[in-house]
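Colleague: mind folding the following:
(one chain, ligands or ions: 2)
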Amino acid sequence: MQSAFSLSFSQSSLTLPNRPLCSSNASPRNLRFCGLRREAFGFSPSKQLNSCRFQVKSRRIEVSAAAGGNGAPSNKSFDYDLVIIGAGVGGHGAALHAVEKGLKTAIIEGDVVGGTCVNRGCVPSKALLAVSGRMRELQNEHHMKSFGLQVSAAGYDRQGVADHASNLATKIRNNLTNSMKALGVDLLTGFGSVLGPQKVKYGKDNIITAKDIIIATGSVPFVPKGIEVDGKTVITSDHALKLESVPDWIAIVGSGYIGLEFSDVYTALGSEVTFIEALDQLMPGFDPEISKLAQRVLINPRKIDYHTGVFASKITPAKDGRPVMIELIDAKTKEPKDTLEVDAALIATGRAPFTNGLGLENINVATQRGFIPVDERMRVIDGNGKLVPNLYCIGDANGKLMLAHAASAQGISVVEQVTGRDHVLKHLSIPAACFTHPEISMVGLTEPQAREKAEKEGFKVSIAKTSFKANTKALAENEGEGLAKMIYRPDNGEILGVHIFGLHAADLIHEASNAIALGTRIQDIKLAVHAHPTLSEVVDELFKAAKVESPASTTPQSVKATV
Ligand SMILES: Cc1cc2nc3c(=O)[nH]c(=O)nc-3n(C[C@H](O)[C@H](O)[C@H](O)COP(=O)(O)OP(=O)(O)OC[C@H]3O[C@@H](n4cnc5c(N)ncnc54)[C@H](O)[C@@H]3O)c2cc1C
Ligand SMILES: NC(=O)c1ccc[n+]([C@@H]2O[C@H](COP(=O)([O-])OP(=O)(O)OC[C@H]3O[C@@H](n4cnc5c(N)ncnc54)[C@H](O)[C@@H]3O)[C@@H](O)[C@H]2O)c1
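Modeller: Ligands and ions are numbered 1, 2, ... in the order given. Alright, predicted model coming up:
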């Protein structure tokens, strides 16, 4: 595998935190939706802002106290209350929450603020997907005609598309940097490592102490043995996001999140795609019924073919007029299966934690396949199975759930703990989404996982489903292809998992994930009211379709209001 750090540090990029994207010229009015603190932009709070979810009064007092008082740690024997190594989304989320809580906080970054998500992940990929969605729509004559619209031709300028992605990354990275600076987080530049308990080194020879330390060093692309990446014809997502070319024919190794999202981008821009997937079916991580539907809509009608149950055992970049050569072997028998010649190959076979050089040996911590072992409170576990005092690891580096919002939520959870409130993050309530067209989203267990759990624990499982075909808003958009599926316990109304495939599925999942996080039962949430006509009614119908034996336990707001 390549040197992880040189790979990570060779990129110039941008970021986003646990909150949705927003631009630096966002107005005070819409800032409440973008998650960055208003103070970061120098706005004085307006009347409109008083109703925003940031609780203007109390937060502003806390924040200004923290920003003004970040010069003195609460415990005088340390330089800082909290030092975070890595300014990706996880580190950023933790830092912002820490200053809100009045902690003197520093964040150490060896490359650019924002880490993977902002510079080489979520942000630029969603910019490319925004383009692919529009291209797909404009190219679909039947779809356009059904609205009564006529489009003569759809085309694109590759550099213009690439610029959209890199400009967005820059904008979000600047927002992130500004938000931390404005709140008084000390941004320290250089490679960080742990020297010993509560002691960190960064850069050449700067040593600082902190009451608590969070490791948030993230991950880099994982490239299996035998695959030679040249960055031009054999690439990882780091390269693909720059969109330096749009190959006529590209093989995508791995049909997980990255593979699927890039297949959406490449096919919209005119490439033919061949998937190479080690497991026996495409998209093996999703609920099988959703994978099947996704295959019918996202794979079969597009210029995509696939080989499943095979490994790409050797990939050689194009050279001297020869194409990219891919040798396939049977995933089980390891017998040679096939050889492919393509214009390019994207390696999307997962991510490896970036934990090299962190000085973990100084505190007797051994990584497991590179991941830092932690307990449910993100406390680092040492080689003897004991907790290392005052040391935490969040985000991709601990491998619990490699998602931007999970990294940030773990950081916030740690800050809650170090400021005196015990907190355990419920990982099963964290949603995930794949931003294809249409999107896929999920929270909780898949159907097979739920059935396995039910078998072990001795409860019954039921399934409710609703179709986008019955939803007015989806039909108005000519986007009736979609399904929502809920796996639940009929005895007590507990939601075990929700999976959605369809228009804006990524936005629709939160009603279910919040219900799981808060322990809301179906018999209660099914009485809540949804605006008509909206896509949210797909989820409303899902709750209403469930057959729960227990009665509702609370009085919903709409009923209270009439009493
Ligand atoms: C193509 C792609 C698309 C993605 N899309 C999504 C998406 O849509 N939604 C989603 O939720 N997730 C997405 N992800 C996953 C998401 O990017 C990661 O889960 C997230 O970035 C992890 O955050 P982190 O803070 O743990 O690590 P990172 O974002 O990797 O940040 C770690 C930071 O630490 C720095 N660092 C590392 N070691 C040191 C050191 N020793 N000293 C100082 N600094 C150091 C690095 O330079 C980096 O800035 C995507 C990933 C990829 C690759
Ligand atoms: N929208 C999002 O939230 C989003 C988008 C992109 C990435 N991510 C995150 O980034 C991480 C990495 O994504 P990813 O798609 O690379 O990983 P993934 O784990 O989602 O999928 C990797 C796929 O590659 C297959 N595979 C592994 N080795 C192989 C080999 N040698 N030959 C053929 N197939 C092989 C696996 O079976 C799997 O299907 C994920 O953990 C994901 O959470 C999230």
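
Colleague: for the chain, what helix or strand is lowest in average pLDDT?
Modeller: Lowest on mean pLDDT, DSSP states H and E among the helices and strands of the chain sits helix 28-31, with a mean of 28.

Colleague: which bits of the stretch 251-400 of the chain sit near ligand 2?
Modeller: Residues of the stretch 251-400 of the chain found near ligand 2 (Cβ under 6 Å from any ligand atom) are 253-259, 261, 276-279, 284-285, 311-312, 348-351. Placement of C-beta: from N, CA and C, glycine included.

Colleague: from those, which ones fall inside strands?
Modeller: If you go by DSSP state E, those have Val253, Ile276, Glu277, Phe311, Ala312, Arg351 in strands.

Colleague: which one of these is nearest to Glu100?
Modeller: Arg351 (29.7 Å; Cβ to Cβ).

Colleague: any bit of stretch 170-188 sitting next to ligand 1?
Modeller: No: Stretch 170-188 is not in contact with ligand 1 by Cβ under 6 Å from any ligand atom; minimum separation 8.8 Å.

Colleague: state the distance from whichever residue of the stretch 251-400 of the chain sits closest to ligand 2 to Ser263.
Modeller: Proximity of the stretch 251-400 of the chain to ligand 2 (Cβ to the nearest ligand atom) peaks at Gly256, 1.9 Å away. Distance of Gly256 to Ser263, given as Cβ to Cβ, to the nearest Å: 11 Å.

Colleague: who's more crowded, those two?
Modeller: Ser263 (28 against 19; other Cβ atoms under 10 Å).

Colleague: could you report the pLDDT at the spatially closest residue to Gly254 that is not a sequence neighbour?
Modeller: Of all residues not flanking Gly254 in the chain, Ala348 sits nearest, at 3.9 Å (Cβ to Cβ, 6 or more residues apart in numbering). Ala348 carries a pLDDT value of 98.

Colleague: my read is that Ala348 contacts Ile258, right?
Modeller: Yes: counting by Cβ atoms under 8 Å, Ala348 does reach Ile258; the two are 3.9 Å apart.

Colleague: what touches both of those two?
Modeller: Common contacts of Ala348 and Ile258 (Cβ atoms under 8 Å, 6 or more residues apart in numbering): Ser237.

Colleague: of the two, who's got more company?
Modeller: Per other Cβ under 10 Å, whichever of Ala348 and Ile258 has more neighbours is Ala348, with 26 against 23.

Colleague: OK, contacts around the more buried one?
Modeller: So Ala348 contacts Thr236, Ser237, Ile252, Val253, Gly254, Ser255, Gly256, Ile258, Gly259, Phe262 (Cβ under 8 Å, 6+ apart).

Colleague: and those as JSON lines, adding distance to ligand 1?
Modeller: Below are the contacts of Ala348 laid out as JSON lines (distance: Cβ to the nearest ligand atom, whole Å):
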{"residue": "Thr236", "distance to ligand 1": "8"}
{"residue": "Ser237", "distance to ligand 1": "4"}
{"residue": "Ile252", "distance to ligand 1": "12"}
{"residue": "Val253", "distance to ligand 1": "14"}
{"residue": "Gly254", "distance to ligand 1": "12"}
{"residue": "Ser255", "distance to ligand 1": "14"}
{"residue": "Gly256", "distance to ligand 1": "10"}
{"residue": "Ile258", "distance to ligand 1": "5"}
{"residue": "Gly259", "distance to ligand 1": "10"}
{"residue": "Phe262", "distance to ligand 1": "8"}
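
Colleague: which of those sit farthest apart?
Modeller: Thr236 and Ser255 (15.5 Å).

Colleague: and stretch 414-433, average pLDDT?
Modeller: Mean predicted lDDT for stretch 414-433 stands at 97.

Colleague: that older thread, show me which of Thr236 and Ser255 is the more surrounded one.
Modeller: Ranked by neighbour count (other Cβ under 10 Å), Thr236 and Ser255 place Ser255 first, with 28 against 23.

Colleague: the more buried one touches Met283, doesn't it?
Modeller: Yes: using Cβ under 8 Å, Ser255 is in contact with Met283, at 5.4 Å.

Colleague: can you list the strands that the strand or helix carrying Ile463 pairs with?
Modeller: Assessed by DSSP states H and E, Ile463 sits inside strand 462-467. Paired with strand 462-467 in the same sheet, following DSSP bridges, are strand 483-488 (antiparallel).

Colleague: mind listing residues that contact the strand it pairs with?
Modeller: 287, 289-290, 293, 444-447, 450, 461-468, 494-502, 505, 508, 512, 522, 538-539, 541-543, 545-546, 548.

Colleague: of those, just the buried ones, PyMOL syntax please.
Modeller: Of these, the buried ones go into a single PyMOL selection, burial set by 16 or more other Cβ atoms under 10 Å:
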select buried, resi 287+289+290+293+444+445+446+447+450+461+462+463+464+466+468+494+495+496+497+498+499+500+501+502+505+508+512+522+538+539+541+542+543+546+548
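
Colleague: take the contacts of strand 483-488 and keep only those in helices.
Modeller: When those are checked against helices (DSSP state H), the matches are 289-290, 293, 447, 450, 505, 508, 512, 522, 538-539, 541-543, 545.

Colleague: max pairwise distance over these: which two?
Modeller: Leu293 and Ile522 (22.9 Å).

Colleague: residue in the stretch 451-563 of the chain with the shortest distance to ligand 2?
Modeller: For the stretch 451-563 of the chain, Cβ to the nearest ligand atom, closest residue to ligand 2: Ala506, 8.0 Å.

Colleague: pretty sure that residue is touching Phe435, no?
Modeller: Yes: counting by Cβ under 8 Å, Ala506 touches Phe435, with 6.2 Å between them.

Colleague: neighbour-wise, which of these two wins?
Modeller: When Ala506 and Phe435 are compared on other Cβ under 10 Å, the one with more neighbours turns out to be Phe435, at 23 against 18.

Colleague: isn't the more buried one up against Leu128?
Modeller: No: the pair Phe435 and Leu128 does not pass the contact test of Cβ under 8 Å, sitting 9.7 Å apart.

Colleague: and the spatially closest residue to the residue of the stretch 251-400 of the chain closest to ligand 2 that is not a sequence neighbour, what pLDDT?
Modeller: Distances taken as Cβ to Cβ, 6+ apart place Gly285 nearest to Gly256, at 5.8 Å, with adjacent residues excluded. Note for Gly285: predicted pLDDT of 92.

Colleague: please apply the same query to Gly444.
Modeller: 98.

Colleague: of all residues in the stretch 301-450 of the chain, which one is closest to ligand 1?
Modeller: Counting by Cβ to the nearest ligand atom, the stretch 301-450 of the chain gets nearest ligand 1 through Gly395, at 2.1 Å.

Colleague: residues contacting that residue?
Modeller: 86, 88-91, 216-218, 406-408, 410-411.

Colleague: so which bits of the helix or strand hosting Lys337 are buried?
Modeller: In the assignment (DSSP H and E), Lys337 maps to strand 336-342. For strand 336-342, the neighbour count (16+ other Cβ under 10 Å) marks Lys337, Leu340, Val342 as buried.

Colleague: that strand pairs with which strands?
Modeller: Checking strand 336-342 against DSSP bridges gives partners strand 324-330 (antiparallel).
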